[in-house]
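**Q** sharing a model prediction with you, sequence too.
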Amino acid sequence: NAGVTQTPKFRILKIGQSMTLQCAQDMNHNYMYWYRQDPGMGLKLIYYSVGAGITDKGEVPNGYNVSRSTTEDFPLRLELAAPSQTSVYFCASSYSTGTTNYGYTFGSGTRLTVV
Amino acid sequence: GENVEQHPSTLSVQEGDSAVIKCTYSDSASNYFPWYKQELGKRPQLIIDIRSNVGEKKDQRIAVTLNKTAKHFSLHITETQPEDSAVYFCAAAGTASKLTFGTGTRLQVTL
């Protein structure tokens, strides 16, 4: 039982490049999330998914895209990387009934630098 | 949407003293309030949570209180130890289990 697995752990991108951050969970959680954490700041929600085939925008979705083709995987796509996307990205998952929420399990994070 | 404010941003206490971190939220529909601890370079870890139908919850040296009327909740750590030093985040969730996080409190426990 690995929990939430994120790859890669570190990445340096040049301005304008694209990449996909991978996230997989093996806990059969129905909800998955992507957050970014800027230095010394809290976590801001980028996108989330309540189940396979369903995604929705969070607080800061511009410059990102997601897909959820399976319960286990929730990749985050960065198109045309910009320095403002330099951050630590956390994927998380949780089980929810829709009315009863449970705590998130976070992945170990991806530290992305755009130069 | 939900807005969570957290105070103080930094807190220094002596070992053995108590630490209190306070948060307020704006959305009266929020019903779940977890607290996370994040050590330097690590992922946030859930340390305690409380639901809107409960006013207080305790787990050993950690307790959380919730005042729904005032829309605020607090984390209390008693008998602090050096290993309690970390950044603590409060959060609130309502629909779709979306957590809105506070900006964090850096707790330093000094010997």
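**A** Nice, thanks for sending it over. Numbering: from 1, shown residues only, chains lettered A, B, ... in the order given.
**Q** who's in contact with the residue nearest the centre of chain A?
**A** What sits nearest the mean C-alpha location of chain A, by Cα atoms, centre = their mean, is A:Trp34, with 2.7 Å. Residues in contact with A:Trp34 (Cβ atoms under 8 Å, 6 or more residues apart in numbering or on different chains) are A:21, A:23, A:45-48, A:58, A:64, A:66, A:74, A:76, A:89-92. Heads up, the C-betas are built off the backbone N, CA and C, glycines and all.
**Q** same question for B:Cys23.
**A** Going by Cβ under 8 Å, 6+ apart, the list of residues near B:Cys23 reads B:Val4, B:Glu5, B:Gln6, B:His7, B:Phe33, B:His72, B:Phe73, B:Ser74, B:Leu75, B:Cys90, B:Ala92, B:Gly102.
**Q** okay if I get these as JSON lines plus distance to chain A, neighbour count and secondary structure?
**A** Converted to JSON lines, the contacts of B:Cys23 look like this (distance: Cβ to the nearest Cβ, whole Å; neighbours: other Cβ atoms under 10 Å in any protein chain shown; DSSP: H, G, I helix; E, B strand; the rest coil):
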{"residue": "B:Val4", "distance to chain A": "8", "neighbour count": "23", "secondary structure": "strand"}
{"residue": "B:Glu5", "distance to chain A": "11", "neighbour count": "13", "secondary structure": "strand"}
{"residue": "B:Gln6", "distance to chain A": "8", "neighbour count": "20", "secondary structure": "strand"}
{"residue": "B:His7", "distance to chain A": "13", "neighbour count": "13", "secondary structure": "strand"}
{"residue": "B:Phe33", "distance to chain A": "10", "neighbour count": "28", "secondary structure": "strand"}
{"residue": "B:His72", "distance to chain A": "17", "neighbour count": "16", "secondary structure": "strand"}
{"residue": "B:Phe73", "distance to chain A": "15", "neighbour count": "26", "secondary structure": "strand"}
{"residue": "B:Ser74", "distance to chain A": "17", "neighbour count": "17", "secondary structure": "strand"}
{"residue": "B:Leu75", "distance to chain A": "15", "neighbour count": "25", "secondary structure": "strand"}
{"residue": "B:Cys90", "distance to chain A": "9", "neighbour count": "29", "secondary structure": "strand"}
{"residue": "B:Ala92", "distance to chain A": "10", "neighbour count": "26", "secondary structure": "strand"}
{"residue": "B:Gly102", "distance to chain A": "6", "neighbour count": "25", "secondary structure": "coil"}
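**Q** which of the residues you listed lies closest to B:Asp59?
**A** Comparing the contacts of B:Cys23 against B:Asp59 with Cβ to Cβ places B:Leu75 closest, at 11.1 Å.
**Q** and chain A, which residues reach chain B?
**A** Taking Cβ under 8 Å from any Cβ of the partner chain as the criterion, chain A approaches chain B at residues A:31, A:33, A:35, A:40-45, A:48, A:50, A:56, A:58-59, A:90, A:94, A:96, A:98, A:101-109.
**Q** try it again at 7 Å.
**A** A:31, A:41-43, A:45, A:48, A:50, A:90, A:94, A:96, A:101, A:103-104, A:106-109 (Cβ under 7 Å from any Cβ of the partner chain).
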